[in-house]
Structures are given as structure tokens and as C-alpha cells.
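# Structure here, sequence nowhere to be found:
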């Protein structure tokens, strides 16, 4: 039997690694051997369904399986429709989070023959074994039920058995555990699993050494709460520092389980942490089976801040019991903790979650199809959700995409504005922009805001800060790029010297940095941004 397992990624990049399908391929290799010839195929959302179907059919498969998520469901089903039309005898099936959470809906699509819900390694071996023995796809559709893997140590590693070659990718997805100790109502992670289970440490060590040998730049750790088991997390961090000190790791953590030792261990490696804040209101979070202690959160984040560990937050707008003013307060609270980035999402009422069951009682109106987003609630009407979306856009473009961390606090303090107010104004400003130079757009926006406050001198200094940090970030992204010629309104050499000395406010810089219109060449020297004034 020839089998194609399809991974449809959002976009090309370090995260576009087909770990799920490769795990299935490894299990099939060990369980059924040469009886099933498996190919893992990478596809992308930007490709047409026709092009994807042609690539699949080029392998002349007998069966095709799709790894289905919220973001790729529509394309996967469109591809499946084309495949079924071209080759009616093909056995087509789906698995993954979306197929598991909405089993009746996915199975009801006429292009699919059956669904393998839940964790698929053991299930796919048995399912294809039955197909080889003559079972019909319809029989498999009636038979297949979730079968959680109780012992992750029984599963082969697709990295160690050669199914996935890390050297073929710029990054890796690294599974350290399955299941979640928490039961947040909006999340499907803890439902239908056999508790929290961890990958054996021997495999963790072997895979880590392989990543280091392959020269990977980034590794994304698949563990919904990496630091829940404190001692285990610390052991992994020490191992990373010893075996893979050059790789940048991305972790999802909870603030509750941080301590000073763990903060120092994070600081000893290259890493970025993502922390699910969701809301800064305990009464809102309790409606989705979470809780929040602002004082404890701030104290734990201070450990990371002092250690110099980059961290970001997730925020959700549209939560039951929340409102536009409440969301703005959460946004301002999050920004007060100086995150490296802030990811803001509209609430999605995902199939299979407890929130999907309680939504009617909570008055949540939401889309019945992908992406399942909330439309309105008693405390968050549709017009307010639209305004929250504009705040999210302003935050993402100005702060995240614009990499505003080095200058944002200085500018915000000088303007005496709440972050949410500045993001809102920037979203309005974006409506009139059609250029692609984000640094220039940020600079023009900040100049306009200071001009409105009657302080154009401070505005030109803020614009110089944005020019310096924005151009520097562009150069660091493209080390081989030539030097950039940019204009300053104040002495750039003195400005950079004052910044490096630390402790300056924008008001202090206005008095200490001379006005001097000049051009500079910004370039990279030994990995650092350097500048030289030019005639």
C-alpha cells in the first residue's frame, strides 16, 4: 500500500515541520514494515488546491491522510474533494486536532472516507492493518475511536529513526509531553487524553544532540506548560545549556511555577517564553476555569525581567464576562510588564471544548464554522469586538512587527498615554498608509502625535530613536545587506552613547543630545550595529 500523509502548514519557516505526520510514519514503519510505503508531504496554505492535489497524485497513492487543524481544514477538504473526483478508489482520511474536536462535522464531508480521532500512532497502525486485511473504509469509519497512548516511551522518534532529517529544516518541533494539567474551557488540550505524559529523558537527550549536530537555529517546544514539572523542566534547561547552547528555544510556560533558579536557567540559554495571560481580570478568567493573581504574576515576571529573559504574552478579547474597557485594561496591564511581544486573539469557541457546551448559557454568539470566532456577547457587543480587533491590529503592527521594545517605553512615558490609546490611534493612522516601510510609518506616526501635543522637538528625537532601532533591526535580519544611509535630526553619536549609558528619559535626552541634521551610514560590525556620520 502506498500512503501519503499530508501536512498543510500556514507558511514556510522554522515551524513548518511535519512532526505529526512523521510520528505516524514512524509508527507505521515499525508496526507494518514494508506493507505500507509512507511518504510525508509538506504543503502550504498559499498553494492552490489543484496544485496540492497534483503533488499528492504524483506519488500514485492508495490512501491519503490529512493532518487537520482549524487553519487548514478548508483547504484540506477542498484538496480531498479534488482527489476523490480524480481517483474515486482512493482511501481518504483525516486526523489531528480539528478532526478530533469536530468528528461528526469532518466525517460528514463526502470527500472523506473515515477519521482517525485523537492520538494517531497506535490507531493508524491498526486502521491500515485492517485495510490491508480487506476491511472497507466504511467499516473503519464506524470502528475508529480515540486511543490515547498511555506510555509515550513506546513510540519511535521520527528524528532518531530517520523519518525526519533535522538538517532538511531550519527549525524543529520538539515534543516533550502530551496532555495538560489544566482544564481551561476554551482549550481542547486536556480533553480525551490519558492525563499528562512525558517523553522519556533518554529520548530527549538523543534528539537534542541530533538537533545540535544538524545546526538547527530554532526549536519550538511542544509542551503546553513546560515548567509545570519544575524539576523536570530544570533538568531539560541544564541539558540544553550543556548540549545545544547555540539553538534558540521557544517555550510555553505558566508564571505560577517560576522561581529564581528557573529564571536563571532560562537566562543561561537562548530562548523566548510565551505566557498565557489571556486576561488581567480574575472574575473573567474564573468563567473559563482559570484564575489570576496580579501581584503574584508581576512578582514572577520580575524574576524573568531581572534575569534578562525575553517573554511575551497571549491576550484574548471577547471572553465571557469581559468588555471593551476590561480588555483595554488587560492590554495596558500586559504592556506595563514590558513584554518582548504581545499576541492578541479574538476568542474562538472551538468544537469539543467545554466553552462550546457552555456558550449558550453565557450568551456567547459565535461562528458555527471555521474559525469559530465569537460574534457578540452580553457584555461585548459586535461593535466593541470590532474596536478590540483594531486595538489588536495596532498592537501587532506598531509593537510586534515594528519591534518597538527598545523605544516604546520612552516614547509612551513622554506622551503620557496609555498603550491602548496609542495602539488605537496607530490603527487609525494605518488606514491612510500604503507604503511598505514600517519604520518610516512608525516614525511619521510618532512625529504626528508629538506635533499634536505641541512638542515637535521631542517628536524629532523620538523619530531618531525609531530610525536607529528600526534600521538596526533590519540590518540584523539581513547580515549580508549593505550599509543603510539614514537621516537624523539630533547628533546620533551622542544619542547612542546616552542610550548605552542607560537611565535616560526622552525629556532628559532632549536637553542632553544636540540638534544636528545629518546623514549616517548604519552597518553591522561583529554582529553589532555601528554608525558613521557622512557628508
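Now that the structure is in, tell me what you want to look at. Because the structure is a prediction, the values reported are computed rather than measured. Numbering: from 1, shown residues only.
# Could you verify that residue 77 is part of a helix?
Yes: under DSSP: H, G, I helix; E, B strand; the rest coil, residue 77 falls within a helix.
# For it, which non-adjacent residue is closest in space?
Counting by CB to CB, 6 or more residues apart in numbering, residue 77 lies nearest to residue 109, which is 5.4 Å off, once chain neighbours are set aside. In this view, the C-beta of every residue, glycine as well, is placed from N, C-alpha and C.
# Paired strands for the longest strand along the chain, with orientation please.
Ranked by number of residues, the top strand in the chain under DSSP state E is strand 515-525. Here strand 515-525 is paired, per DSSP bridges, with strand 484-490 (antiparallel), strand 528-534 (antiparallel).
# May I see the buried residues of the first one?
I take that to be strand 484-490. Across strand 484-490, burial judged by 16 or more other CB atoms under 10 Å covers 484, 486, 488-490.
# Next, the buried residues of the longest strand of the chain.
Judged by neighbour count using 16+ other CB under 10 Å, the buried positions of strand 515-525 are 520, 522-524.
# which residues sit against the helix or strand containing residue 376?
If you go by DSSP states H and E, residue 376 is part of strand 374-376. Applying CB atoms under 8 Å, 6 or more residues apart in numbering, the external contacts of strand 374-376 come out as 318, 346-349, 364-367, 380, 382, 385.
# Would you give the sheet partners of that strand, along with the direction of each?
strand 365-366 (antiparallel).
# neighbouring contacts of the strand it pairs with?
For strand 365-366, contacts defined as CB under 8 Å, 6+ apart pick out 347-349, 359, 372-377.
# and which of those is nearest to residue 419?
Nearest to residue 419 among the contacts of strand 365-366: residue 347, at 20.9 Å, using CB to CB.
# pLDDT at the closest one, what is it?
Note on residue 347: pLDDT of 97.
# Distance check, it against residue 81.
To residue 81, residue 347 is 30 Å away according to CB to CB, to the nearest Å.
# Counting neighbours, go ahead and name the busier of these two.
Remark: of residue 347 and residue 81, residue 347 carries more neighbours, 25 against 17, as counted by other CB atoms under 10 Å.
# how much space between the nearest residue to that one once chain neighbours are set aside and residue 100?
Among residues not flanking residue 347 along the chain, residue 318 sits closest, at 3.7 Å (CB to CB, 6+ apart). Noted for residue 318: a distance of 24 Å to residue 100, by CB to CB.
# Quick check on those two: which one has the bigger neighbour count.
residue 318 (26 against 23).
# I figured that one was touching residue 355, is that so?
No: in this structure, residue 318 is not within contact of residue 355 by CB atoms under 8 Å, at 11.1 Å.
# Helix or strand for residue 65, just tell me which one.
strand 63-67.
# so which strand or helix has the nearest residue to residue 506 once chain neighbours are set aside?
Nearest in space to residue 506, with sequence neighbours left out and distances taken as CB to CB, 6+ apart, is residue 414 at 3.9 Å. In the assignment (DSSP H and E), residue 414 maps to helix 405-415.
# same deal with residue 15?
Counting by DSSP H and E, there is no helix or strand that carries residue 15.
# Need phi/psi at residue 316.
Per-residue torsions, residue 316: phi -120, psi 130 (degrees, to the nearest 10).
# Any idea how many residues pack against it?
Here the number of neighbours of residue 316 (other CB under 10 Å) works out to 24.
# I figured it was touching residue 186, is that so?
Yes: Residue 316 is within contact range of residue 186, at 7.4 Å (criterion: CB under 8 Å).
# Give me the common contacts of these two.
residue 347.
# so what pLDDT did residue 194 get?
53.
# now do residue 391
Note on residue 391: pLDDT of 98.
# Tell me where the stretch 151-300 of the chain is predicted with low confidence.
Per-residue confidence for the stretch 151-300 of the chain (pLDDT under 70) gives these ranges: 190-194.
# Tell me where it has strands.
171-175, 177-178, 197-198, 218-222, 248-253, 270-278 (DSSP state E, counting those that start in this stretch).
# before we move on, the earlier item: tell me which residues of the helix holding residue 414 are tucked away?
Of all the residues in helix 405-415, those buried under the rule 16+ other CB under 10 Å are 405, 407-412, 414-415.
# Contacts for it, please.
Helix 405-415 has contacts (CB under 8 Å, 6+ apart) with 338, 340, 399, 419, 422, 446, 449-450, 453, 458, 462, 465-466, 469, 504-507, 509.
# Based on its surroundings, how many neighbours for the closest residue to residue 326 other than its chain neighbours?
The shortest distance from residue 326 to any residue other than its chain neighbours is 5.7 Å, reached at residue 281 (CB to CB, 6+ apart). Applying other CB under 10 Å, we find 20 other residues in the vicinity of residue 281.
# how much space is there between residue 281 and residue 424?
Separation of residue 281 from residue 424 (CB to CB): 20 Å.
# Likewise for residue 161?
Applying CB to CB to residue 161 and residue 424 gives a distance of 52 Å.
# out of those two, which sits in the more crowded spot?
residue 424 (20 against 13).
# about what we covered before: mind telling me what element the residue nearest to residue 77 is part of?
Element membership of residue 109 [criterion: DSSP H and E] is none; it lies in no helix or strand.
# Give the other helices and strands that the lengthiest helix in the chain contacts.
Across the chain, the longest stretch assigned as helix under DSSP state H is helix 456-477. Packing contacts for helix 456-477, counted by 3 or more CB pairs under 8 Å, 6 or more residues apart in numbering; DSSP states H and E, involve helix 405-415, helix 438-452, strand 484-490, helix 492-501, helix 506-512, strand 515-525, strand 528-534.
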